[in-house]
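> coords please:
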Amino acid sequence: MRSNRTIMGEGEWYEIFNFKLRFNFRQFRTTKNRFHVITGENTVVRKVTTTAPCNYYGFKEALHILCTLIGRGKIEIKRIENSTNRQVTFCKRRNGLLKKAYELAVLCDAEVALIVFSTRGRLYEYANDNIRATFERYKNSSSGNANTHSVQEINAAYYQQESAKLRQQIQTIQNSNRLAAFSGIFINSLSALNVKELKQVENRLEKAISRIRSKKHELLLAEIENLHKREIKLDNESIYLRTKIAEVERFQQHHHQMVSGTEMTAIEALASRNYFAHNIMTIGLSEASCPKQVLAFQNSFASSHDTLQVHCKSGDDDLGVHFVKFGDPVYSIRFGDNIFKGTYWDCFIQHGPKMEYFLNFRAYTSGPSRRCGQLHTWIAKEDGIYFSENGKPEEKTFDWTKV
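Modelled structure (predicted):
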């Protein structure tokens with residue numbers, strides 16, 4: 001600054017470099033107790049009046065007032081054409097951004113991750129924690145919110161709710177206004193009636209009140225009847241749910257008590273046959289008298305995501321639970337001679353996204369209709385269970401029961 005602490009001459013110009021004003025170059029001129037400022041290329045003149053004389057201290061007070069008036073200069077946000085200035089600005093703002101990220105992480109205990117690529121492809125990053133863990137958390141959060149409603153849908157639902165409230169308020173106000181207008185007209189009209197006419201009006205009012213009470217009583221009876229029907233429906237659903245819970249508990253008890261004596265082997269003979277579409281779970285039941293007796297289950301659902309769950313048992317012989325998935329290879333369960341003792345096999349099968357479709361049936365019974373050395377195939381489809389013996393045409397036997 002070219003001035004000192006002496007009194008400034010009136011009408012003289014002083015060049016200063018003061019970065020507190022957020023400008024690189026300014027010129028001031030004193031005129032009595034006024035300071036004039038010319039701001040750069042815009043040549044904007046600001047006049048500041050100070051109570052101090054035109055000396056150094058008055059100049060400092062004027063600077064303080066100018067800082068308050070001018071404030072931070074506005075910069076047009078657009079691409080900087082000069083490459084040198086652009087690089088300098090990038091370095092300064094990058095450092096400021098990294099500093100702000102650090103302050104946000106420390107002050108607010110937030111998990112912050114920042115990545116910046118320059119125009120030359122250089123990477124600058126900051127993370128108060130592991131940056132990879134932060135990005136994995138971001139991806140999980142993004143995938144979890146992918147099915148959520150968008151902001152527009154949420155706003156639309158909010159506006160619909162508010163409009164419904166406003167319509168209800170409008171209806172209430174209209175009803176109250178209509179009732180008030182009717183009451184005013186009715187009261188004003190009574191003043192011109194004689195005793196006989198007032199008696200007639202009284203009779204009409206009593207009849208109207210009687211009709212209103214009758215209608216009110218009718219509506220109350222209808223509401224009571226609907227509530228009674230709903231109570232019966234809920235009782236039936238409760239009984240049904242208790243029954244299903246009891247069945248599931250019994251099934252779990254049998255599952256925990258199952259005896260595992262199975263050995264998984266592949267049946268090449270079934271692979272050469274063309275009686276299955278997607279995959280088959282075969283259960284080979286063998287003993288001395290029935291060495292080739294086979295009980296097979298086939299998954300023929302149209303959906304590749306539908307899994308067939310099979311649980312078969314005969315007395316003390318329990319095969320356990322097996323899942324037949326789409327694309328599984330053909331496999332069987334072979335038994336020793338001393339294990340297969342039963343003459344029947346009861347099977348409980350389920351399918352569906354939540355295993356809501358089930359069926360409990362007897363899949364095999366020894367007798368003339370089902371002799372040893374036969375192949376008994378049960379095909380599971382969407383509409384029910386089909387049965388085929390020795391590769392014969394399949395026939396629908398059971399329908400699915402839905403929970």
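> just checking, what packs against the helix or strand hosting residue 218?
Assigned by DSSP states H and E, residue 218 falls within helix 195-256. Under the contact definition 3 or more Cβ pairs under 8 Å, 6 or more residues apart in numbering; DSSP states H and E, helix 195-256 sits against strand 308-314, strand 317-324. Where you see a C-beta, it was placed from the backbone N, CA and C, and this is true even at glycine.
> export these to TSV and tack on mean neighbour count and distance to residue 88?
As requested, these are exported to TSV (neighbours: other Cβ atoms under 10 Å; distance: least, Cβ to Cβ, whole Å):
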stretch	mean neighbour count	distance to residue 88
strand 308-314	20	69
strand 317-324	18	66
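> ok, of those, where does mean pLDDT dip lowest?
Ranked by mean pLDDT, the helices and strands packed on helix 195-256 end with strand 317-324 in last place, scoring a mean of 77.
> So in that sheet, which strands flank that one, and in what orientation?
strand 308-314 (antiparallel) (DSSP bridges).
> Give me the angle between the partner strand and helix 195-256.
On the basis of axes from the mean of the first three to the mean of the last three Cα atoms, to 10 degrees, strand 308-314 is oriented at 60 degrees to helix 195-256.
> Residue 192 - that's part of a helix, no?
No - checked against DSSP: H, G, I helix; E, B strand; the rest coil, residue 192 lies outside a helix; its state is coil.
> Helices along the chain, start to end?
56-70, 83-108, 131-144, 151-190, 195-256, 268-272 (DSSP state H).
> now, of those, which is deepest in the fold?
The highest mean neighbour count among these, using mean count of other Cβ atoms under 10 Å, belongs to helix 56-70: a mean of 16.
> about what we covered before: could the helices of the chain be laid out in a markdown table, adding mean pLDDT and distance to residue 398?
Shown next, in a markdown table, are the helices of the chain (pLDDT from 0 to 100; distance: least, Cβ to Cβ, whole Å):
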| stretch | mean pLDDT | distance to residue 398 |
| --- | --- | --- |
| helix 56-70 | 60 | 88 |
| helix 83-108 | 92 | 63 |
| helix 131-144 | 82 | 41 |
| helix 151-190 | 80 | 44 |
| helix 195-256 | 86 | 17 |
| helix 268-272 | 42 | 23 |
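> closest one to residue 393 among the ones you listed?
helix 268-272 (18.4 Å; Cβ to Cβ).
> burial measure for residue 128, as a count.
17 (other Cβ atoms under 10 Å).
> residues in contact with it?
102, 105, 106, 110, 111, 112 (Cβ atoms under 8 Å, 6 or more residues apart in numbering).
> any idea how far residue 164 lies from residue 173?
Per Cβ to Cβ, to the nearest Å, residue 164 is found 15 Å from residue 173.
> of all the helices and strands packed on helix 195-256, which lies closest to residue 127?
strand 317-324 (43.4 Å).
> May I have the closest one as CSV, with CA atoms only?
Extracted C-alpha coordinates of strand 317-324, given in CSV (Å, rounded to 0.1, in the frame of the first residue of the first chain):
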residue,chain,number,x,y,z
ASP,A,317,-38.5,-96.9,7.5
ASP,A,318,-38.1,-93.2,6.8
LEU,A,319,-36.3,-91.9,3.7
GLY,A,320,-36.0,-88.4,4.9
VAL,A,321,-36.6,-85.2,3.0
HIS,A,322,-35.2,-84.8,-0.5
PHE,A,323,-35.3,-81.8,-2.9
VAL,A,324,-35.6,-82.3,-6.6
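> Please parse this protein into its domains.
Following automatic domain parsing, the chain resolves into domains at 13-70, 83-143, 153-192, 194-257, 263-402.
> Report the contact partners of residue 361.
Going by Cβ under 8 Å, 6+ apart, residue 361 touches 346, 347, 385, 397, 398.
> which two in those residues are spaced the farthest apart?
By the measure Cβ to Cβ, 346 and 397 form the most distant pair in these, at 14.6 Å.
> list the buried ones in stretch 110-124?
Buried positions in stretch 110-124, judged by neighbour count with 16 or more other Cβ atoms under 10 Å: 112, 113, 114.
> ah, wrong one, I meant stretch 388-395
Neighbour-count burial for stretch 388-395 [16+ other Cβ under 10 Å]: 388, 394.
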